[in-house]
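> test case, fold it:
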Amino acid sequence: MPHFLQLRTRAGFIPGDELAQDEFAKIKVGATILTDYRKVKNPQQRKLMYGTLRRMFENQRHPVRYPVWEGFYVAIKIALGWFDEMPSKKGLVPVLWSVADMDDAKFVPCLEQVLALAERLSIPTEDLRVEANA
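As a prediction, this is how the structure comes out:
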């Protein structure tokens with residue numbers, strides 16, 4: 001299940017980033033939904049990570065290899081080794097890490113991997129860094 005950043009305001013919860021805004025727009029006004037919540041350790045770092053990943057997704061070369069965000073995100077997690085291997089009847093299978101469940105000790109190195117990958121792909125991130133810290 002995907003996780004989306006939300007901000008608590010006096011009026012209620014609002015989307016905390018573009019990804020959340022896109023997903024919340026798909027929910028009909030007045031719909032009842034069930035959510036789980038947990039406090040995000042560092043919202044600026046999370047915003048930087050997902051902003052960078054979103055920019056990488058949007059800047060894929062043509063033909064687009066991953067037309068859907070979820071497929072792209074899974075591919076990134078596998079490529080960067082963000083998984084544990086679990087035995088099954090067919091051999092070892094990857095069990096992807098949940099970024100939302102990571103503590104800072106695990107999250108920060110993952111963020112650094114994303115930023116390094118963006119740099120290797122010539123994806124500019126300076127404006128994302130400024131936005132995340134604003």
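> give me every residue that touches L80.
L80 is in contact with C110, Q113, V114, L117, counting by CB atoms under 8 Å, 6 or more residues apart in numbering. C-betas here are computed from N, CA, C, even on glycine.
> could you list the low-confidence segments of this structure?
Low-confidence segments of the chain (pLDDT under 70): 1-2, 38-40, 134.
> where do the strands of it begin and end?
Ranges of strands in the chain, per DSSP state E, are 6-9, 12-15, 83-88, 91-96.
> what's the second one in contact with?
Same thing as strand 12-15. For strand 12-15, contacts defined as CB under 8 Å, 6+ apart pick out F4, L5, Q6, L7, Q21, E23, F24.
> centre of the chain to it, how far?
18 Å (CA atoms, centre = their mean, to the nearest Å).
> cool, and the last one?
Relative to the chain's own centre, strand 91-96 is displaced by 20 Å; criterion: CA atoms, centre = their mean.
> of the contacts of L80, which pair is most distant in space?
By the measure CB to CB, C110 and L117 form the most distant pair in the contacts of L80, at 10.7 Å.
> just give the nearest non-adjacent residue to W69, would you?
Nearest residue to W69 in three dimensions, chain neighbours excluded: F57, at 5.9 Å (CB to CB, 6 or more residues apart in numbering).
> and the one you found, how many neighbours does it have?
19 (other CB atoms under 10 Å).
> so it touches F72, yeah?
Yes - counting by CB atoms under 8 Å, F57 touches F72, with 4.8 Å between them.
> overlap in contacts of the two?
The contact sets of F57 and F72 overlap at Y66 (CB under 8 Å, 6+ apart).
> out of the contacts of strand 12-15, name the ones that lie in helices.
Q21, E23, F24 (DSSP state H).
> distance of the residue nearest to W69 relative to A11?
31 Å (CB to CB, to the nearest Å).
> quick one, which of the strands of the chain is nearest to K77?
Closest to K77 of the strands of the chain, according to CB to CB: strand 91-96, at 4.9 Å.
> only alpha carbons, please: show that closest one as CSV.
Extracted in CSV, the C-alpha atoms of strand 91-96 (Å, rounded to 0.1, in the frame of the first residue of the first chain):
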residue,chain,number,x,y,z
GLY,A,91,14.0,-19.8,-4.5
LEU,A,92,14.8,-16.5,-3.0
VAL,A,93,12.4,-13.6,-3.7
PRO,A,94,12.9,-9.9,-2.9
VAL,A,95,10.8,-8.3,-0.2
LEU,A,96,10.9,-4.6,-0.8
